[in-house]
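Engineer: Return a 3D structure for these sequence lines:
(one chain, ligands or ions: 1)
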Amino acid sequence: MANTLTGKHILLGISGGIAAYKSAVLCRELIKRGADVRVVMTPSATRFITPLTLQALSGHPVQHDLFDAEAEHGMGHIDLARWAELILVAPATAQAITRLVHGQADDLLCATVLASSAPLCVAPAMNRGMWDNPATRDNIAVLHERQVHVLGPAEGDQACGEHGPGRMLEPEQLAEQVELLFADAVLQGVKVVVTAGPTWEAIDPVRGLSNRSSGKMGYAVAQAASRAGADCILISGPTRLTCPQGVTRINVSSARDMAEAVQAEMNDCDIFIAVAAVADYRPVTPQDEKIKKDSEYLNLELVRNPDILASVASGEPRPYTVGFAAETRNLETYARQKLVSKQIDLIAANPVAGENSAFDSDDNELLLIDKASTLQLPRASKPVLAHQLIKEIAKRYGSR
Ligand code: C5P
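Structural biologist: Next up, the predicted model:
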């Protein structure tokens, strides 16, 4: 995506965490996409990265002092609050988040946010213990309620030497998410049902059959649909992901649970997107007690699960139906066969072999196939691809 933010006024707020060093790159990424960026820092952020750096990159004076008479004489914080079309606080430390939640206004960044009616995004960045703390969890829940866009955090190595959730998303990922927030509402008022994640087919109370689907693609599709204005229901197998903002999630476990939950939503569904990696088979008789390892061999008798996508496509009323096809080889041929055999409108095929496998990865590539055309969506992050996919679906749905 190039210049998707042309002329957009973005206020970048930087609070005082070690990830502040990445905000310089973030500033560049936003400008590269055409945005006009102004930067406000908290006093503690200036201890991690200098205002001069951000001034040089943004091309505008950087403000960090609420009581700086000269700065207030120029573009004061109320003017900045009015100027901003979107505010992105990155990094948002646990402290900054607490202050935002409580509407505090005794530093320039929080005062500006409080005075602004622009959409607010925060990119949390903190130690994993701080992120998991109930105080932070409650604060994040409040932000969700207020329709604040919480971007991330990511999971990975942390500056403190620990590993876990709490890392700020990378600058490029944040810039992408901002782009998506400015995207058009191409599905306003449309009801979209998305399935995501794996299913779990019980063998006994502690064991089951499942697969390597992380749910990331399906969740990204649900988020993109919701951001495009859809009324989105996400029917999800077991994953560790949090429900995207604005989306209603229904948690299920087995394929049969998923099929039932999907059927219950079909009456007024306009678009159905099956991203879930549904188990093809389930044990015929799941055991009530844990199976003991008494014998050398154990035979499991399996039976086919219902094909949720195919039954939606042959049902009445029939929504616009989109399937996914994960293939290790002959991607296009197999995907086209699926399009025909399941009688669906569009199929999104993705390779799952080798190092470019989509499993648990943060990015993916898709080949979109319908009766009339084939379109390659090149490798990109799952949120970006999901956004492109939703645009393509909206186009086809609109011209049915
Ligand atoms: O037949 P196959 O599993 O390869 O088809 C994949 C597509 O069908 C995906 O969109 C998946 O969500 C959907 N599917 C389904 N119910 C099944 C199996 C697959 O909805 N039992």
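Engineer: C-alpha from now on. contacts and neighbour counts both.
Structural biologist: Fine.
Engineer: Can you show me the strands along the stretch 251-400 of the chain?
Structural biologist: In the stretch 251-400 of the chain, the strands defined using DSSP state E, counting those that start in this stretch lie at 271-274, 281-283, 302-304, 320-327, 346-351, 363-369, 374-381.
Engineer: Worst mean pLDDT among these?
Structural biologist: Mean pLDDT is lowest for strand 374-381 among the strands of the stretch 251-400 of the chain, at a mean of 88.
Engineer: For that strand, name the packing helices and strands.
Structural biologist: Here strand 374-381 touches strand 363-369, helix 382-398, going by 3 or more C-alpha pairs under 8 Å, 6 or more residues apart in numbering; DSSP states H and E.
Engineer: Apply 7 Å and report the result again.
Structural biologist: Applying 3 or more C-alpha pairs under 7 Å, 6 or more residues apart in numbering; DSSP states H and E, one finds that strand 374-381 contacts strand 363-369.
Engineer: Buried residues, the strand it packs on. List them.
Structural biologist: 363, 364, 365, 366, 367, 368, 369 (16 or more other C-alpha atoms under 10 Å).
Engineer: circling back: turn the strands of the stretch 251-400 of the chain into TSV, including distance to residue 103.
Structural biologist: TSV is the format used below for the strands of the stretch 251-400 of the chain (distance: least, C-alpha to C-alpha, whole Å):
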stretch	distance to residue 103
strand 271-274	39
strand 281-283	51
strand 302-304	55
strand 320-327	43
strand 346-351	44
strand 363-369	36
strand 374-381	33
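Engineer: Please determine how far the nearest residue to residue 276 once chain neighbours are set aside is located from the ligand.
Structural biologist: Spatial nearest neighbour of residue 276, excluding adjacent residues (C-alpha to C-alpha, 6 or more residues apart in numbering): residue 196 at 3.8 Å. Residue 196 sits 7 Å away from the ligand, going by C-alpha to the nearest ligand atom, to the nearest Å.
Engineer: Now do residue 196: how many residues are near it, please.
Structural biologist: Residues near residue 196, counting by other C-alpha atoms under 10 Å, number 29.
Engineer: same question, the one 4 residues further on
Structural biologist: A count of nearby residues for residue 200, using other C-alpha under 10 Å, gives 22.
Engineer: when you give positions from now on, start the count at 874
Structural biologist: I'll keep to 874 as the first residue from here, and by that count the last item is residue 1073.
Engineer: from memory it sits against residue 1126, does it?
Structural biologist: Yes - with contact defined as C-alpha atoms under 7 Å, residue 1073 reaches residue 1126; the gap is 5.4 Å.
Engineer: Contacts only, for the nearest residue to residue 898 once chain neighbours are set aside.
Structural biologist: Nearest non-adjacent residue to residue 898, counting by C-alpha to C-alpha, 6+ apart: residue 1044, 6.2 Å away. Taking C-alpha atoms under 7 Å, 6 or more residues apart in numbering as the criterion, residue 1044 is in contact with 895, 898, 899, 902.
Engineer: What distance do you get for residue 890 to the ligand?
Structural biologist: 41 Å.
Engineer: what's the answer for residue 1152, then?
Structural biologist: 6 Å.
Engineer: Quick check: that residue touching residue 1072?
Structural biologist: Yes - counting by C-alpha under 7 Å, residue 1072 is a contact partner of residue 1152 at 5.9 Å.
Engineer: list residues touching both of those two?
Structural biologist: With C-alpha under 7 Å, 6+ apart, residue 1152 and residue 1072 have common neighbours 1083, 1128.
Engineer: more neighbours, those two?
Structural biologist: residue 1072 (29 against 20).
Engineer: Please name the bridge partners of residue 1123.
Structural biologist: residue 1108 (DSSP bridges).
Engineer: Enumerate every residue touching it.
Structural biologist: Here residue 1123 is in contact with 1107, 1108, 1109 (C-alpha under 7 Å, 6+ apart).
Engineer: By neighbours, which of those wins?
Structural biologist: residue 1108 (28 neighbours).
Engineer: how about residue 1116, secondary structure?
Structural biologist: Three-state assignment for residue 1116 (DSSP: H, G, I helix; E, B strand; the rest coil): coil.
Engineer: Neighbours of it, how many?
Structural biologist: Around residue 1116 there are 16 residues (other C-alpha under 10 Å).
Engineer: I'd say it and residue 1122 touch.
Structural biologist: Yes - Residue 1116 is within contact range of residue 1122, at 6.5 Å (criterion: C-alpha under 7 Å).
Engineer: Ends of stretch 987-998, what's the gap?
Structural biologist: This stretch, stretch 987-998, spans 21 Å end to end (C-alpha to C-alpha, to the nearest Å).
Engineer: Report the buried residues of it.
Structural biologist: 987, 988, 989, 991, 993, 994, 995, 996, 997, 998.
Engineer: what do you get for stretch 1039-1059?
Structural biologist: In stretch 1039-1059, counting by 16+ other C-alpha under 10 Å, buried: 1039-1054, 1058-1059.
Engineer: Just read off the phi/psi values of the closest residue to residue 1031 other than its chain neighbours.
Structural biologist: Spatial nearest neighbour of residue 1031, chain neighbours left out: residue 1040 (6.4 Å); criterion: C-alpha to C-alpha, 6+ apart. Taking degrees, to the nearest 10, you get phi -70, psi 140 for the backbone angles of residue 1040.
Engineer: is it true that residue 1040 touches residue 1027?
Structural biologist: Yes - using C-alpha under 7 Å, residue 1040 is in contact with residue 1027, at 5.0 Å.
Engineer: what is in contact with these two at once?
Structural biologist: In contact with both residue 1040 and residue 1027: no residue, using C-alpha under 7 Å, 6+ apart.
Engineer: burial of residue 882, as a residue count?
Structural biologist: 18.
Engineer: still on that earlier bit, show me which of the buried residues of stretch 987-998 neighbour the ligand.
Structural biologist: The subset of the buried residues of stretch 987-998 within reach of the ligand, counting by C-alpha under 6 Å from any ligand atom, is empty.
Engineer: Those residues in strands, which ones?
Structural biologist: Of the buried residues of stretch 987-998, the ones assigned to strands by DSSP state E are 993, 994, 995, 996, 997.
Engineer: Redo these as TSV? Include pLDDT.
Structural biologist: Shown next, in TSV, are those (pLDDT from 0 to 100):
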residue	pLDDT
993	95
994	95
995	96
996	97
997	96
